[in-house]
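Enquirer: predicted coordinates and the sequence they were generated for:
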Amino acid sequence: MSAPVTPTLLYLDDITVSFDGFRALNSLSLAIDHAEMRAIIGPNGAGKTTMMDVITGKTRPDQGTALFEGSHDLTVLDEAAIAELGIGRKFQTPTVFEMHSVEDNLLLAIKDKRGPFLTLFSRRTTLERERIEVLLERIRLTAHRYRKAGELSHGQKQWLEIGMLLAQEPKLLLIDEPAAGMTDQETADTAELLRDIAKTKAVVVVEHDMTFVRDLNVKVTCLHDGSVLAEGSLDAVSANERVVEVYLGR
Amino acid sequence: MTTQSVLDKQSIVVLSLLAAVAVLVPVLNGLAVPGSALHLSDHLVPLLGKYICFALLALSVDLIWGYCGILSLGHGAFFALGGYAMGMYLMRQIGPRGVYAHPVLPDFMVFLNWKDLPWFWYGFDVFPFAMLMVLLVPGILAFIFGWLAFRSRVTGVYLSIITQAMTYALMLAFFRNNMGFGGNNGLTDFKDILGFPLQSASTRRVLFVLSVAALGAGYLLCRWLVGSKFGKVLVAVRDAESRTRFLGYRVEHYKLAVFTISAMLAGVAGALYVPQVGIINPSEFAPANSIELVIWVAVGGRGTLAGAILGALVVNAGKTWFTGALPEFWLFALGGLFIFVTLFTPRGILGAGQGLWERAKQMLGSKPSRSSFSGGGVVP
Ligand SMILES: Nc1ncnc2c1ncn2[C@@H]1O[C@H](COP(=O)(O)OP(=O)(O)OP(=O)(O)O)[C@@H](O)[C@H]1O
Ligand SMILES: [Mg+2]
């Protein structure tokens, strides 16, 4: 299949991933536009996280096309190279550097040269300092900047990880279950933060929390058994018979 | 951790103590009246020098294990290679004064009926060349080994096992006479270094002071590495390797860099060790040696640098005492100590002491400080 004429930001076509014969992704196709926000829903084991693994180079698909900006083949690049292209990722379980301070977590994430010699001699610039200030403010962790990230609450870690994602200045953010383990207020705040981010960047959010997805108010893709079951507005998708079947069980 | 001062509290303590030792030991040995209570007898100087070299070796292990999570169980190999490079220089210094009085060939080669010096012994009569090899041989081996291992993402226990295999293979190779390194006798019967007799008390004092200086310099190098952004990436790799990759860092490059630097530090330690103990043989490659030195680091406190130094000194002093008083119990004592530390003070002696200190300060009502001792810190 030839690449589309106007390159979408992220283009997945016919992606299949099997683990010992079990197809976690089954001929999955998906396209994300520049500055689009997309919510991905689907029951446990639908393949949502595996899809992110493929996009970020953690898992190699058995077959299929994965293109970023129409020309970069994600199936041959490694994690670091894909991150440098501008794809950032937040994990399902919040993964921050527990022994580093909140500030250092952001410092490590901030867009900069990544080679060992460059980090050895790098000094924190005023610009970086200002960026970190702004980010701390945005993720509401200014008061906790010197604390070890491991001491933060679950919700704060989720936000710190989103902050790290922003610090990378990616073009595409992949966010796996940001609302998991959050209070209602935190969930609403997170939805607002993501809507704000989506004004300038493409965002793909995986989430089970339907209130949260409704808050996002964006196009929804429902995955099931490794492929797309339905796509459209949340109302349209939740009215879809097959989606209802999958969620309620046959 | 957040404010980068020139020297943190821990470094000031460590460097002051090292400076004091570097002055006291030679003075008490050279100036105090022999027989007086203050006098340090001649045989103690190289013994203490040996401990200092072990401390530098432990430091090199802490750099990779404590800060980057690379548990090398083969670091004794880099130490031994540095030692062999120094030993080769010292052998060539003997010149025609060997038992067989051959103008060029060391005794063991004459004994094996060799006619010419093997090519890899060329240049070792030149001190600067030999010193370069002290750094390059362990460095290059570590680079090649690390490049293969880290590129294929060998981690954890698998990495530890192949490092053991590496040092074991080197031990077997060095045991062979036709390798050209003196077989199981190794290199010994050294006479002098840069023209100074190795048996003289003053040469030994100088070697001791140089060892302490090397330890101090090694400590500063490591402190600088772990305090930089590079060091923060190392800790990030240690605690969440794949997260670090997704941030765009080439983890294998970082591991390779720090592994190579660490191997070179171990090589320097070995090079300073050999003239003070007077021999280097293949038993230095023994896998058990490499395991033992990891225990020093664990006992002292992993991921603190100062803990590695402390652990090496304490355990080796204990070993000397035990092998004198209760030789058959040493291994039990070492094993027991390791188990005790792992179970009760996972942060080692230094961590335990620091914990007590913090608690004492809190009881006295002062605010808990963000102590500089924690360094990168290790999750217990
Ligand atoms: N490394 C792996 N090895 C074997 N099976 C795997 C692996 N990773 C994922 N799977 C399987 O693939 C399927 C899809 O998993 P995935 O984690 O992508 O689901 P998900 O949609 O993210 O689910 P959840 O909502 O529970 O997070 C699951 O059945 C899972 O057990
Ligand atoms: Mg998942």
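Expert: Happy to help now that I have it. Residues are numbered from 1 along each chain as shown, chains lettered A, B, ... in the order given. Ligands and ions are numbered 1, 2, ... in the order given.
Enquirer: chain A: helices as residue ranges?
Expert: Using DSSP state H, the helices assigned to chain A run over residues A:48-55, A:79-85, A:102-109, A:116-121, A:126-138, A:154-167, A:184-197, A:210-216, A:234-239, A:241-248.
Enquirer: so what touches the lowest-mean-pLDDT helix or strand in chain A?
Expert: One helix or strand of chain A scores below all others by mean pLDDT, DSSP states H and E: helix A:241-248, with a mean of 86. The contact list for helix A:241-248 (CB atoms under 8 Å, 6 or more residues apart in numbering or on different chains) reads A:G42, A:P43, A:C222, A:H224, A:L229, A:A230, A:V237, A:S238. Where you see a C-beta, it was placed from the backbone N, CA and C, and this is true even at glycine.
Enquirer: list the buried ones in stretch A:169-186?
Expert: Buried residues in stretch A:169-186, defined by neighbour count with 16 or more other CB atoms under 10 Å in any protein chain shown: A:170-180, A:182, A:186.
Enquirer: ranking the helices of chain A by mean pLDDT, which is last?
Expert: Least confident of the helices of chain A, judged by mean pLDDT, is helix A:241-248 with a mean of 86.
Enquirer: ok now that one, how far from the chain's centre?
Expert: In terms of CA atoms, centre = their mean, to the nearest Å, the centre of helix A:241-248 is set 25 Å apart from its chain centre.
Enquirer: stretch A:207-220 too?
Expert: So, by CA atoms, centre = their mean, the centroid of stretch A:207-220 is 15 Å from its chain's centroid.
Enquirer: hmm, stretch B:343-362 touching chain A?
Expert: No - shown here: stretch B:343-362 not in contact with chain A (CB under 8 Å from any CB of the partner chain), separated by at least 12.3 Å.
Enquirer: in that stretch, what's buried?
Expert: Buried, per 16+ other CB under 10 Å, within stretch B:343-362: B:T345, B:R347, B:G348, B:I349, B:L350, B:G351, B:G353, B:Q354.
Enquirer: and what of stretch A:128-148?
Expert: Quick answer for stretch A:128-148 (16+ other CB under 10 Å): A:E128, A:R131, A:I132, A:L135, A:L136, A:R138, A:I139, A:L141, A:H144, A:R145, A:K148.
Enquirer: end-to-end on stretch B:219-239?
Expert: Length of stretch B:219-239, first residue to last, CA to CA, to the nearest Å: 23 Å.
Enquirer: buried set for it?
Expert: Counting neighbours by 16+ other CB under 10 Å, stretch B:219-239 gives B:219, B:222-223, B:225-239 as buried.
Enquirer: residue contacts, the residue in the stretch 51-200 of chain B that ligand 2 sits nearest to?
Expert: When scored by CB to the ion, the stretch 51-200 of chain B has B:R153 as its residue closest to ligand 2, at 22.9 Å. By CB under 8 Å, 6+ apart, the contact list for B:R153 reads B:E252.
Enquirer: confirm that it sits in a helix.
Expert: No - B:R153 is assigned coil when assessed by DSSP: H, G, I helix; E, B strand; the rest coil, not a helix.
Enquirer: sorry, back to before: ok, and of the buried residues of stretch B:219-239, which contact chain A?
Expert: Taking CB under 8 Å from any CB as the test, chain A is in contact with B:L225, B:S228, B:K229, B:F230, B:K232, B:V233, B:V235, B:A236, B:D239 out of the buried residues of stretch B:219-239.
Enquirer: and which of the residues you listed is nearest ligand 1?
Expert: Set against ligand 1, the nearest of those by CB to the nearest ligand atom is B:D239 (21.5 Å).
Enquirer: ok, back up a step: any buried residues in the least confident helix or strand of chain A, and which?
Expert: Under 16+ other CB under 10 Å, the buried positions of helix A:241-248 are A:V243, A:V246.
Enquirer: export that helix as PDB, just CAs?
Expert: Taking Å, rounded to 0.1, in the frame of the first residue of the first chain, the C-alpha atoms of helix A:241-248 are listed here in PDB:
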ATOM      1  CA  GLU A 241     -24.100  -2.800  18.700                       C
ATOM      2  CA  ARG A 242     -20.800  -4.600  18.500                       C
ATOM      3  CA  VAL A 243     -19.200  -2.300  21.000                       C
ATOM      4  CA  VAL A 244     -22.100  -2.900  23.400                       C
ATOM      5  CA  GLU A 245     -21.700  -6.600  22.900                       C
ATOM      6  CA  VAL A 246     -18.000  -6.500  23.700                       C
ATOM      7  CA  TYR A 247     -18.400  -4.500  26.800                       C
ATOM      8  CA  LEU A 248     -21.400  -6.300  28.200                       C
END
